[in-house]
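[1] I'd like to go over a predicted model; first the sequence, then the structure.
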Amino acid sequence: MKHTISVLVEDEAGVLTRIAGLFARRGFNIESLAVGSAEQLGVSRITMVVPGDEQVIEQLIKQLYKLISVLKVQDITQQPSVERELMLIKVNANASNRAEVIEITQIFRARIVDLSEEAVTIEVVGDPGKIVAIIQMLNKFGIREIARTGKIALVRESKVNTEYLKSLEAKVTL
């Protein structure tokens, strides 16, 4: 199972290297990694997606807490949270298929950020499922390049689990 881990760290040189080293020494793979300033000056938030079972993740969290600059570690996988990812995707789009590419872009509420005679660059922001879905739709045109930020996430203060609500909604419409 994939786990989303949120780590608050002191914003100082070498913190990310120490965390990456911890993962490497234990043979863990980081599937997604995003780092940026947090709400407090001098603190950064690292959001990682890591595969592993509950025991492995529990051990990993204990090991992270042993690092000097780590302030707080949370496995937010099972908590109601808001998840987003940013992707830039460059797709072949000539005169014959450009209208269809633009239509798909609009359906996914994405934005065209660059246009040429032969290609379109699209900015997509959304949950990881949306990112995968638009890639599948645009694949038939030929994808030239993709750049993705990795997942970022925050726990919902409302504690409302939107995934649970979506599943209820789907049952009602069936």
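    On my side now, so go ahead.
[2] got a list of contacts for the helix or strand hosting Val125?
    Here Val125, judged by DSSP states H and E, is contained in strand 119-126. The list of residues contacting strand 119-126 from outside it, by Cβ atoms under 8 Å, 6 or more residues apart in numbering, reads 84-93, 98, 101-102, 105, 108-115, 130-131, 134, 138, 144. All C-beta atoms are positioned from the backbone trio N, CA, C, and that covers glycine.
[3] one more time with 6 Å
    Contact partners of strand 119-126, identified using Cβ atoms under 6 Å, 6 or more residues apart in numbering, comprise 86-93, 101, 105, 110-114, 134, 144.
[4] outline the domain layout of the chain.
    2-78, 82-153 (automatic domain parsing).
[5] in strands only, show me the contacts of strand 119-126.
    In strands, defined here by DSSP state E, the members of the contacts of strand 119-126 are Leu86, Met87, Leu88, Ile89, Lys90, Val91, Asn92, Arg111, Ile112, Val113, Asp114, Arg144.
[6] could you work out the most separated pair of those?
    Of all pairs drawn from the ones in strands among the contacts of strand 119-126, the widest gap by Cβ to Cβ lies between Leu86 and Asn92 and measures 21.6 Å.
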